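Chemist: missing the sequence, but the structure's below:
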Ligand SMILES: N[C@@H](Cc1ccccc1)C(=O)O
């Protein structure tokens, strides 16, 4: 025993080893926690961050900060439940799955998987609608501003956005799109840092103090979307060879990074809104502080940075979701005979978002609100808890738990998701 202790062998907690063949030998690819953390953080930041200021403005910085931290805790816990189900699934079946829907199917069965598939499809379309409408609106305002044009119809923006990116994705080779996306990510990070630094210098302390806790509930659905990343967890669990402590670390840190970004962003944007800007609030449409800042009301440079950050953040997410929906259709065996990106497939992905955005220019918030209320609550709340419940019952003490609190915790998770659905329907 002593001899073994002295060897000081580092403890191995992985379930299997990822090997790849590099031409003449097998190489061990253990996956890195840093890489997985970045993958989670990158998946999390998307359209949600752009809708946040509009839904948090009515309640103010302090209440919305508290709710954001609460929603983050919730998404971490349900994320860990998905990781738990994924890792135990690997232990018991000896196979790793990469997809959330495949996991639902093997844990709960076909009916539930179809239901989750419906929620997943809805989420993709809702987010694509949000991207096309908002990406188009920012595009058209920028064009009007640069060339000093009169107001152009909003459908031109959304259609233009979808056509431009649809063409790039249709004609571009994978390597080109990967590089384009990486370039966009650099632009997003740079403009975000610039925006925080510049915005922080002109924060209006009085704007930070206003608070109305009763205005908080309508913000819940958008916060759920903003902090959602659960579809990527099975991929991370496989990349990290089923090592539960690495997976746990990636989930906690990978979601804490976006949370920190959201908190800073929320404070800077709400802090830049002055009482005079608020006087212009119309009673019917959603008042979006970002729209006011983009128009240059708090300085030209801040306007440019908000525009660039928003448009490029939308573009990167749009590319991700375009591929996500394409893969979903492929998994459903639609267009299985055709090439990677055929015209009918692209049309099926892009026409509905183009149509909805043209019909309702304000659909950005509605789409994200519906995505949170009907999809994220199910996929990121109810389903993880039910899967963990069923798996824990089936394998009893052989199961390794990642979330404490037993059934009471699972019931609480489901209860919060149901509350989000009810709140979303009350509006
Ligand atoms: N959190 C992402 C949304 C998302 C949905 C589904 C999967 C991954 C991410 C956003 O705010 O845009």
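Modeler: Sure thing, it's come through. Bear in mind that the values here come from a model prediction, so they are computed numbers and not experimental data. Numbers count the residues shown, from 1 in each chain.

Chemist: Show me which residues of this structure are close to the ligand?
Modeler: Taking C-beta under 6 Å from any ligand atom, the part of the chain that reaches the ligand is made up of 43, 44, 46, 47, 48, 123, 225, 226, 228, 229, 231, 317. Glycine gets a C-beta too; all of them are placed from N, C-alpha and C.

Chemist: Closest one of the residues you listed to residue 70?
Modeler: Residue 70 lies nearest to residue 226 out of the residues of the chain next to the ligand, by C-beta to C-beta, at 13.0 Å.

Chemist: from memory the closest one sits against residue 53, does it?
Modeler: No - if you go by C-beta atoms under 8 Å, residue 226 and residue 53 don't touch, sitting 11.1 Å apart.

Chemist: Give me the subset of the residues of the chain next to the ligand that lies in helices.
Modeler: 43, 44, 47, 48, 123, 225, 226, 317 (DSSP state H).

Chemist: ok, the second one - how many residues close by?
Modeler: Here the number of neighbours of residue 44 (other C-beta atoms under 10 Å) works out to 24.

Chemist: wait, what's in contact with it?
Modeler: 226, 227, 228, 229, 254, 255, 257, 258 (C-beta atoms under 8 Å, 6 or more residues apart in numbering).

Chemist: and if you look at residue 232?
Modeler: Contact partners of residue 232, counting by C-beta under 8 Å, 6+ apart, are 39, 40, 43.

Chemist: Now these in TSV, please, with extra columns for distance to residue 160.
Modeler: Below are the contacts of residue 232 laid out as TSV (distance: C-beta to C-beta, whole Å):
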residue	distance to residue 160
39	31
40	32
43	27
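
Chemist: top of these by neighbour count?
Modeler: Within the contacts of residue 232, most neighbours by other C-beta under 10 Å means residue 40, with 25 neighbours.

Chemist: Tell me the predicted confidence for that residue.
Modeler: In this model, residue 40 is scored at 90, pLDDT.

Chemist: Also residue 8?
Modeler: Listed pLDDT for residue 8 reads 53.

Chemist: quick one on the thing from earlier: can I get the buried part of the ones in helices among the residues of the chain next to the ligand as one ChimeraX selection?
Modeler: Buried residues among those (16 or more other C-beta atoms under 10 Å), as a ChimeraX selection:
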select :43,44,47,48,123,225,226,317
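
Chemist: List the contacts of the closest residue to residue 192 other than its chain neighbours.
Modeler: Of all residues not flanking residue 192 in the chain, residue 309 sits nearest, at 5.4 Å (C-beta to C-beta, 6 or more residues apart in numbering). Residue 309 makes contact with 188, 191, 192, 195, according to C-beta under 8 Å, 6+ apart.

Chemist: and which of those residues is nearest to the ligand?
Modeler: Nearest to the ligand, judged by C-beta to the nearest ligand atom, of the contacts of residue 309 is residue 188 at 12.3 Å.

Chemist: ok, the closest one touching residue 313?
Modeler: Yes - between residue 188 and residue 313 there is a contact under C-beta under 8 Å: 5.1 Å.

Chemist: quick one: common contacting residues for those two?
Modeler: Applying C-beta under 8 Å, 6+ apart, one finds that residue 188 and residue 313 are jointly contacted by residue 45.
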